[in-house]
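Undergrad: Just a sequence and a predicted model for now, questions to come.
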Amino acid sequence: MKRQSEFAKNILFTGAGFTKNFGGLLAEEMWSKIFNNKRVQDHTRLMELLKTDFNYESIYHQVINGNYTDEEKASINTAIIDSYKILDDIVRKWTFSSGSPYPVNIYGVNGFIERFVGNHETGLFFTLNQDLFIERHFNSVMVGLNIPGVAKIPDNHKTIIQLPLENDDFKKLPTDDDLNANPINLISSRTLNYIKLHGSFGWLSSAGTHMHVIGRQKERLISEEPLLSWYFSLFKEALFKPNRKLFVIGYGFMDRHINGVIADSINDFNLKLYVMSPSNQLAFFDKLNSIEHGGIIHRAVVGYFPYKLLDIFPQNKSESHAWREIIGSYFEN
């Protein structure tokens, strides 16, 4: 890996709840899209499974790794892809307007994201999201967006006029040989490096197949894909530095491999966590205490912001008290 500078102290991390602020789909909504998919409804066993397990990642794992026919496996895979297409349809049609059901001030959001770029440091924005909201809507005259190791999709033309991805737009990820021949450059000067730890809609594996880092074997799936393996090592490298400050939006702390890195950073490097979530505080901390590494993570939370993005960046573009609170607690502390 080639790197020009040290990592910025402030690091952004998002999960599905981030895009939910703009009408995106959470896990239970992804389940319903899969359940209602015609390909799935043609298979009795898949429908019965879906009616007893409401975790779509668990369902995917059971079907792909279980005693199911090739046709059933193909159908669940197609349903997953179709669900991500629906999500991208939601994302690409979102606009900041008075008639929008999610009128979040995108200019305020983009200004917030810009703050994670260091002066001469390498800015990092990690996400578990596979949607294309940031690619389609992050726009800045001051800051560039770099997706290391793979070309950005959709291209500028399709972004501007909100076109969906076609099959030819999908990008094949680099192989080990590709990465060895062309080491990844993390850009530091006025650029934010956007790291999609679980891959992305619109990406094909290095073998040329559709890939989904979902289910119960995420660590294995990541380790088998060279770029994602490198991304995960970068996540650890970034957090395994003294006194990092991780700002978390929309992540429910349900991924064991992610929580393990966060917990190690807390124990060994004094990582501090700042969490933005509309969840009730009691429910949030009760949930933390019920998961592996939850007690460690609980200890490191030094900022909690019980807001939606609309509360912070309202439609009228005013400076909200919630935004002033975040500035004082996170950026100026």
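TA: All right, it came through fine.

Undergrad: okay, and for the stretch 201-333 of the chain, where does confidence drop off?
TA: 215 (pLDDT under 70).

Undergrad: Quick one: the strands in it, in order.
TA: 203-204, 245-249, 272-276, 301-305 (DSSP state E, counting those that start in this stretch).

Undergrad: how close does residue 177 sit to residue 209?
TA: Note on residue 177: its distance to residue 209, by CB to CB, to the nearest Å, is 18 Å. All C-beta atoms are positioned from the backbone trio N, CA, C, and that covers glycine.

Undergrad: Could you do residue 298 as well?
TA: Taking CB to CB, one finds residue 298 at 39 Å from residue 209.

Undergrad: which of the two has more neighbours?
TA: Taking other CB atoms under 10 Å, residue 298 and residue 209 do not tie; residue 298 has more neighbours (16 against 9).

Undergrad: The more buried one and residue 142: what is the separation?
TA: Between residue 298 and residue 142 the computed distance is 36 Å (CB to CB).

Undergrad: same question, residue 235
TA: From residue 235 over to residue 142 (counting by CB to CB), the distance is 26 Å.

Undergrad: Look at the two and report which has more neighbours.
TA: Neighbours were counted for residue 235 and for residue 142 using other CB under 10 Å; residue 235 has more, 21 against 9.

Undergrad: ok, that one - contacts?
TA: Shown in contact with residue 235 (CB atoms under 8 Å, 6 or more residues apart in numbering): 126, 195, 197, 258, 261.

Undergrad: Save the strands of the stretch 201-333 of the chain as a markdown table, and put in distance to residue 323 too.
TA: Formatted as a markdown table, the strands of the stretch 201-333 of the chain follow (distance: least, CB to CB, whole Å):
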| stretch | distance to residue 323 |
| --- | --- |
| strand 203-204 | 33 |
| strand 245-249 | 13 |
| strand 272-276 | 11 |
| strand 301-305 | 10 |
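
Undergrad: Any idea which of those strands gets closest to residue 94?
TA: When those are compared by CB to CB, strand 245-249 sits nearest residue 94, at 16.7 Å.

Undergrad: Check which helices and strands that closest one is in contact with.
TA: Contacts defined by 3 or more CB pairs under 8 Å, 6 or more residues apart in numbering; DSSP states H and E place strand 245-249 against strand 10-14, strand 272-276.

Undergrad: I'd like the ones you listed as JSON lines, with mean neighbour count and distance to residue 219 appended.
TA: Shown next, in JSON lines, are these (neighbours: other CB atoms under 10 Å; distance: least, CB to CB, whole Å):
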{"stretch": "strand 10-14", "mean neighbour count": "22", "distance to residue 219": "18"}
{"stretch": "strand 272-276", "mean neighbour count": "22", "distance to residue 219": "22"}
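
Undergrad: Go through those and name the closest to residue 95.
TA: Shortest distance between residue 95 and those, using CB to CB, is found for strand 10-14: 20.6 Å.

Undergrad: who does the closest one pair up with?
TA: strand 123-127 (parallel), strand 245-249 (parallel) (DSSP bridges).

Undergrad: Please identify the deepest-packed of those strands.
TA: Mean neighbour count (mean count of other CB atoms under 10 Å) peaks for strand 123-127 among the strands paired with strand 10-14, with a mean of 24.

Undergrad: Show me what that strand is in contact with.
TA: 7-8, 11-15, 18, 113, 116-117, 134, 188, 191-197, 234-235, 238.

Undergrad: Report the distance from that strand to the chain centre.
TA: Relative to its chain's centre, strand 123-127 lies at 9 Å (CA atoms, centre = their mean, to the nearest Å).

Undergrad: And for stretch 18-25?
TA: The chain centre lies 11 Å from the centre of stretch 18-25; the measure is CA atoms, centre = their mean.

Undergrad: With stretch 192-202 instead?
TA: Distance of stretch 192-202 from its chain centroid, counting by CA atoms, centre = their mean, is 7 Å.

Undergrad: what about that stretch, how long is it end to end?
TA: Using CA to CA, to the nearest Å, the end-to-end distance of stretch 192-202 comes out at 20 Å.

Undergrad: related to what we said a few turns ago, what's the closest of the helices and strands packed on strand 245-249 to residue 150?
TA: Of all those, strand 10-14 comes closest under CB to CB, at 18.4 Å.

Undergrad: Give me the distance between residue 294 and residue 205.
TA: From residue 294 to residue 205 the distance is 32 Å (CB to CB).

Undergrad: And residue 224, by the same measure?
TA: 9 Å.

Undergrad: out of these two, which sits in the more crowded spot?
TA: Shown here are residue 224 and residue 205; by other CB under 10 Å, residue 205 has more neighbours (19 against 14).

Undergrad: Number of residues surrounding the nearest residue to that one once chain neighbours are set aside?
TA: Leaving aside its chain neighbours, residue 205 sits nearest to residue 211 (4.2 Å; criterion: CB to CB, 6 or more residues apart in numbering). The local packing of residue 211 (other CB under 10 Å) involves 20 other residues.

Undergrad: Distance check, residue 211 against residue 33.
TA: Distance from residue 211 to residue 33, by CB to CB: 19 Å.

Undergrad: Contacts only, for residue 260.
TA: residue 293.

Undergrad: So which of the strands paired with strand 10-14 is nearest residue 99?
TA: strand 245-249 (25.1 Å).
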